[in-house]
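1. Give me a model of this one.
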Amino acid sequence: MARRIAWIAVSLAACGSGGELPRCGADADCAAGTVCERPVGGESGVCVAPYAVALAAPAAGGWIGSGAVTVRATLRVQASGRSEPAALELLAGGAPAASLPRVGPGTYQGGWTAPAGTPDPVLLAAVAARGTRDEAASAPVAVRVDLAPPVFTAPAASCAAAPCLRDAALRIRTGVDDANLVAVSASVDLDPSRPVALARAGGLWQADLDLAAWPFPALARDVVVTLTATDAAGNRAVLPLPVPVTRVRWAYDAGAPVTSPAVMEDGTLVVGVLATSAQLRGVSTAGAELWRLTLGSGLVQAAPSVGADAIYVGTTANRVFAVKRDGTAILNGTGCDVGGAIEGPPGVAGSSPEIAYAPSPIGRVFAVSAGTMCIAGPLTDTFAGPPSVDVNGKVLAATATATLRSYVFDGAAFTQSWASVVGVSVSAPIALDAAGNAWTGSQDAKVNVTTPAGVTTTARTLGGSVVDSPIVLAGGDVVVGDQAKVLHRLHPDGSPAWAVEPVLGGPVLAPVALAGGPAALLVPTAAGTLHAVAADGTVLWSGALTAGQSLREAAVALPAPGAAGTAYLGAADGKLYAVAVEGQLDVAAPWPKAHRDTRNGSSAGGTLP
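-> Purely as a prediction, here's the structure:
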């Protein structure tokens with residue numbers, strides 16, 4: 001029965017061919033590549049190819065590259081007594097190239113890698129039973145061959161200045177040599193899923209990237225730009241280009257330890273220097289020195305503050321100076337003699353005339369003006385930190401015995417409103433919340449809150465002493481660091497807001513509250529590291545700004561449209577650093593930084609930033 005079916009198939013094939021197949025009585029009567037297929041009844045047979053073979057892939061005109069290509073063929077049995085062979089043989093240019101195993105009924109598939117020297121184009125054919133009388137081959141298929149990958153010429157990724165700033169424009173450009181080139185692309189490891197389109201301009205492919213639009217979770221690191229070129233044959237060339245990128249815009253070298261700045265309305269950064277001359281400097285937002293002024297022979301170790309009438313700054317020669325806002329002259333002669341070196345910037349009240357308050361180590365608070373005012377308050381014990389001024393104009397200052405004192409100044413004399421014990425030795429600046437409560441940190445690791453009436457409770461005891469300012473966020477939470485390197489976020493009742501509190505790179509100094517970017521907090525440490533922290537306590541990035549020398553508290557300037565903001569930090573290594581950050585000072589927070597505003601005014605009634 002099978003033989004009769006095969007004969008019927010051969011007869012139908014003869015009809016479909018439009019002519020008679022050669023007649024035969026035996027295989028010897030047939031031409032090479034054909035066999036005699038005879039009917040069961042014994043009459044004359046016909047000469048047929050035992051197999052019909054066709055090459056299904058690659059298609060005619062397709063490309064073969066340096067990698068393995070999938071070759072697929074089909075086979076149909078046309079003669080009785082034959083079965084599908086276990087494999088076909090691939091010929092390339094007439095020479096054996098690969099075996100194509102049977103993968104299913106009438107289907108054969110295998111891989112072939114074109115060797116070096118393969119001509120372009122090359123003819124491919126699939127052959128069954130090669131070397132036997134049953135040999136049958138497919139019609140040859142001509143395919144293109146390109147075994148060489150594209151070659152990059154003069155590839156580059158760079159910014160106008162090196163290293164690239166995190167908000168600079170990064171230009172990517174390259175030439176590519178390949179006669180069959182079809183695509184050139186780039187990716188950046190800051191977000192590999194985000195494609196970078198390269199446009200062809202003459203003989204170059206290029207693109208300009210605004211790095212400010214890309215995430216940059218680091219203080220400084222190499223950003224890797226990867227170029228990829230692909231030709232018609234699928235050959236690919238891949239080239240990584242490392243590009244140094246940093247957040248550090250510049251570093252002004254003051255030559256001696258420098259305070260963090262008070263920022264004036266025009267952006268001028270006013271800093272103090274631990275030197276015996278030129279102790280007060282004005283620096284531009286580009287890092288250029290604008291002016292310098294000598295303030296006697298004392299060192300400046302505490303940041304200045306800026307008011308509407310003057311710049312106020314203290315020295316270790318026991319003087320508080322009022323300086324003309326352009327830095328050209330001292331307004332109060334030889335300064336107000338406060339009897340000791342003040343700790344921190346004078347607090348500035350927006351009264352008329354303007355008054356700056358300076359608690360002194362001799363146990364008195366002084367009122368200083370841009371004129372001749374230098375009025376001392378009543379004698380008490382040593383003041384160990386800077387003051388804060390509440391919305392009613394009351395002056396709050398803490399003494400070394402950890403007593404927080406509230407004063408009213410009527411323009412001629414101080415009157416103490418109340419005194420409250422707030423721990424052991426308070427030197428950290430005082431923060432005020434929206435309700436007027438004063439938050440203090442002490443050497444005995446306590447965070448205390450004191451009401452406007454002078455009633456103090458301990459909100460929480462931390463794992464290390466507190467030496468720098470707490471800050472108060474918009475919702476009332478308080479953020480403070482300790483000397484055990486832990487950053488804490490506390491609810492108003494003192495309970496922790498974070499299940500896991502981040503441990504940073506050194507003893508924690510005063511944080512800054514940010515808005516408008518991924519980081520909610522920017523936190524310096526006494527070990528010279530800087531940390532960006534999300535609202536949930538996740539550290540987004542960190543890095544060493546100095547070689548282990550302490551930073552000072554940060555001041556964050558408003559960003560230009562479409563650009564990252566800038567944080568300015570003084571350091572014990574003698575440099576003032578400008579660091580690109582995303583966002584700006586959070587003006588919705590009642591006390592977003594040490595000394596509250598960028599002018600270091602320390603007044604709850606002052607304007608932000």
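
2. Output the below-cut-off pLDDT ranges for the stretch 151-300 of the chain.
-> Across the stretch 151-300 of the chain, nothing is flagged by pLDDT under 70.

3. show me where it has strands.
-> Here the stretch 151-300 of the chain has its strands, by DSSP state E, counting those that start in this stretch, at 151-158, 164-165, 169-177, 181-188, 196-197, 199-201, 204-210, 220-231, 236-246, 248-253, 262-263, 269-272, 280-283, 289-293.

4. Mean neighbour count and distance to Ser550 for those strands - can I get that in JSON lines?
-> Bear in mind the C-beta positions are built from the backbone N, C-alpha and C, glycine included. Below are those laid out as JSON lines (neighbours: other C-beta atoms under 10 Å; distance: least, C-beta to C-beta, whole Å):
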{"stretch": "strand 151-158", "mean neighbour count": "16", "distance to Ser550": "34"}
{"stretch": "strand 164-165", "mean neighbour count": "22", "distance to Ser550": "25"}
{"stretch": "strand 169-177", "mean neighbour count": "18", "distance to Ser550": "33"}
{"stretch": "strand 181-188", "mean neighbour count": "18", "distance to Ser550": "35"}
{"stretch": "strand 196-197", "mean neighbour count": "13", "distance to Ser550": "40"}
{"stretch": "strand 199-201", "mean neighbour count": "10", "distance to Ser550": "48"}
{"stretch": "strand 204-210", "mean neighbour count": "17", "distance to Ser550": "34"}
{"stretch": "strand 220-231", "mean neighbour count": "20", "distance to Ser550": "19"}
{"stretch": "strand 236-246", "mean neighbour count": "16", "distance to Ser550": "21"}
{"stretch": "strand 248-253", "mean neighbour count": "18", "distance to Ser550": "15"}
{"stretch": "strand 262-263", "mean neighbour count": "26", "distance to Ser550": "19"}
{"stretch": "strand 269-272", "mean neighbour count": "26", "distance to Ser550": "15"}
{"stretch": "strand 280-283", "mean neighbour count": "24", "distance to Ser550": "19"}
{"stretch": "strand 289-293", "mean neighbour count": "16", "distance to Ser550": "23"}
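
5. I'd like these as JSON lines, with distance to Ser99 appended.
-> Below are the strands of the stretch 151-300 of the chain laid out as JSON lines (distance: least, C-beta to C-beta, whole Å):
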{"stretch": "strand 151-158", "distance to Ser99": "34"}
{"stretch": "strand 164-165", "distance to Ser99": "53"}
{"stretch": "strand 169-177", "distance to Ser99": "36"}
{"stretch": "strand 181-188", "distance to Ser99": "31"}
{"stretch": "strand 196-197", "distance to Ser99": "43"}
{"stretch": "strand 199-201", "distance to Ser99": "43"}
{"stretch": "strand 204-210", "distance to Ser99": "41"}
{"stretch": "strand 220-231", "distance to Ser99": "28"}
{"stretch": "strand 236-246", "distance to Ser99": "27"}
{"stretch": "strand 248-253", "distance to Ser99": "61"}
{"stretch": "strand 262-263", "distance to Ser99": "76"}
{"stretch": "strand 269-272", "distance to Ser99": "76"}
{"stretch": "strand 280-283", "distance to Ser99": "76"}
{"stretch": "strand 289-293", "distance to Ser99": "78"}
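
6. nearest to Thr566, of those strands?
-> Between Thr566 and the strands of the stretch 151-300 of the chain, the shortest gap by C-beta to C-beta is with strand 248-253, which sits at 6.4 Å.

7. Give me the angle between that closest one and strand 220-231.
-> 150 degrees (axes from the mean of the first three to the mean of the last three C-alpha atoms, to 10 degrees).

8. Name every strand pairing with strand 248-253 and say which way it goes.
-> Taking DSSP bridges as the criterion, strand 248-253 sits next to strand 575-581 (antiparallel) in its sheet.
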